[in-house]
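Undergrad: sequence and predicted structure are below.
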Amino acid sequence: MVRVELRGVIKKWDDFKLEIGELKVKDGEFLTLLGPSGCGKTTTLRMIAGFERPDRGEILFDGKPVNDLPPYERGIGIVFQDYALFPHMTVFKNIAFGLEMKRLPKPEIERKVRWALELVGLTGFENRYPEQLSGGQQQRVALARALVVEPEVLLLDEPLSNLDAKIRERLRGEIKRIQRELGITTIYVTHDQEEAMAVSDRIAVMNVGRVEQVGKPLELYYRPKTEFVARFLGLSNILELEAENGRACLNGLCFDVAGEGKVRVFFRPESVYIKSGDTAEVIDYELLPGRIRLKLGIEGEVILAERFLEELPFSVEEMPERVGIEVRSFSVLD
């Protein structure tokens, strides 16, 4: 497998500019490009694949520039959002296509295709056509076709977005299992935060043509550096407070911070613990499977708290008008 690196990469079109100062993908790592539609993540993937050429900068595989190499010389396998299977070919023929282009001997092709079918759990589907498969099965065929050529880098562009929720959840687990089993360097594009958190070793969060932050899933979730990352990855609370003597407080709810003056304190709803007291007014609440989400008011600020039902110091039927709260995990945004 190989390391992938982008250095000073710039791509411009119309009034949009994609600019990546530095992005490194480690050997055997599963890195996800995560961001809203139009942020540049698919274009970044296409430049790595060789389908788009950067206006400036370098793309390197194991330290060697590949800007001038066509896709078929980069040692990549790619899985698209729309599967891109040949409808007139059987499952076997679809998977074997890349091997046949390499003119491998027939016995070797058969061996490799059967290996790929077993890897994605489709043994016995060799003679079916794409129209005879479910969406999840078609996506498995597309994955097998990408893996059977034994690429050094696997690229996946929104591979699960056309599937329903249950199939998507099951297949993302299969993708991660296969990636770990093969140890293949993988770059995955999605706009789905839960999906990115579930499969990634690290995530690069992108916004309007640039990388906002790169880090491990829990690091980004609980220690975001920017407000965009904080708000994009799940529900968030952000309070703008005045810090004095290393403390920033809101009606008894205090945070130990560095420095003085205005600070923006960030924390997740599940970091808010509920106790008896009168720190916050209970504005509203929402019952969720096994847990409760509370909307709390403190001096005009609204705070979301989320707890398992058994953690509450009272029953939902006896919800008080005011509660005490404690935040046990927070960070300060740049």
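TA: Perfect, I can see it now.
Undergrad: residue closest to the middle of the chain?
TA: The centroid of the chain falls nearest to residue 196 when counting by C-alpha atoms, centre = their mean (2.2 Å).
Undergrad: what's the local residue count around residue 276?
TA: 10 (other C-beta atoms under 10 Å). Just so you know, the C-beta spots here come from the backbone N, C-alpha and C atoms, and that holds for glycine as well.
Undergrad: which secondary structure elements does the helix or strand that contains the residue nearest to the centre of the chain contact?
TA: Residue 196 belongs to helix 193-199 when assigned by DSSP states H and E. Helix 193-199 is packed against strand 30-34, helix 165-182, strand 185-190, helix 217-222, with contacts defined by 3 or more C-beta pairs under 8 Å, 6 or more residues apart in numbering; DSSP states H and E.
Undergrad: picking that back up, residue 34 is in contact with the residue nearest to the centre of the chain, correct?
TA: Yes: between residue 196 and residue 34 there is a contact at 4.4 Å, judged by C-beta atoms under 8 Å.
Undergrad: now render the helices and strands packed on helix 193-199 as TSV, adding mean pLDDT and mean neighbour count.
TA: Shown next, in TSV, are the helices and strands packed on helix 193-199 (pLDDT from 0 to 100; neighbours: other C-beta atoms under 10 Å):
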stretch	mean pLDDT	mean neighbour count
strand 30-34	98	25
helix 165-182	89	16
strand 185-190	96	26
helix 217-222	95	17
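Undergrad: export the ones you listed to TSV and tack on distance to residue 232?
TA: What follows is the helices and strands packed on helix 193-199, written out as TSV (distance: least, C-beta to C-beta, whole Å):
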stretch	distance to residue 232
strand 30-34	8
helix 165-182	19
strand 185-190	12
helix 217-222	9
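Undergrad: what's the closest of the ones you listed to residue 88?
TA: helix 165-182 (25.0 Å; C-beta to C-beta).
Undergrad: for that closest one, give me every contacting residue.
TA: Residues outside helix 165-182 that contact it (C-beta atoms under 8 Å, 6 or more residues apart in numbering) are 30, 119-121, 134-136, 139-140, 143, 147, 154, 156, 159-160, 163, 186, 188, 195, 198-199.
Undergrad: could you identify the helix or strand that succeeds the helix holding residue 196?
TA: Defined by DSSP H and E, the subsequent element after helix 193-199 is strand 202-207.
Undergrad: so what are the sheet partners of that next one and their directions?
TA: Using DSSP bridges, the strands paired with strand 202-207 are strand 30-34 (parallel), strand 210-215 (antiparallel).
Undergrad: which other helices and strands contact the helix or strand harbouring residue 279?
TA: Mapping residue 279 onto the secondary structure by DSSP H and E places it in strand 272-288. On a contact count with 3+ C-beta pairs under 8 Å, 6+ apart, strand 272-288 meets strand 291-298, strand 301-308, strand 322-327.
Undergrad: let's see that with 10 Å instead.
TA: Strand 272-288 is packed against strand 253-256, strand 291-298, strand 301-308, strand 322-327, with contacts defined by 3 or more C-beta pairs under 10 Å, 6 or more residues apart in numbering; DSSP states H and E.
Undergrad: next, the angle strand 291-298 makes with it.
TA: Inter-element angle recorded for strand 272-288 and strand 291-298: 120 degrees (by axes from the mean of the first three to the mean of the last three C-alpha atoms, to 10 degrees).
Undergrad: where does the chain have low pLDDT?
TA: Under the criterion pLDDT under 70, no range of the chain is flagged.
Undergrad: tell me the secondary structure of residue 141, please.
TA: Three-state call for residue 141 (DSSP: H, G, I helix; E, B strand; the rest coil): helix.
Undergrad: now the one 5 residues further on
TA: On the three-state scheme (three-state DSSP), residue 146 is labelled helix.
Undergrad: so what's the closest residue to it other than its chain neighbours bridging to?
TA: The shortest distance from residue 146 to any non-neighbouring residue, by C-beta to C-beta, 6 or more residues apart in numbering, is to residue 77 (3.4 Å). Following DSSP bridges, residue 77 is listed with bridge partners residue 154.
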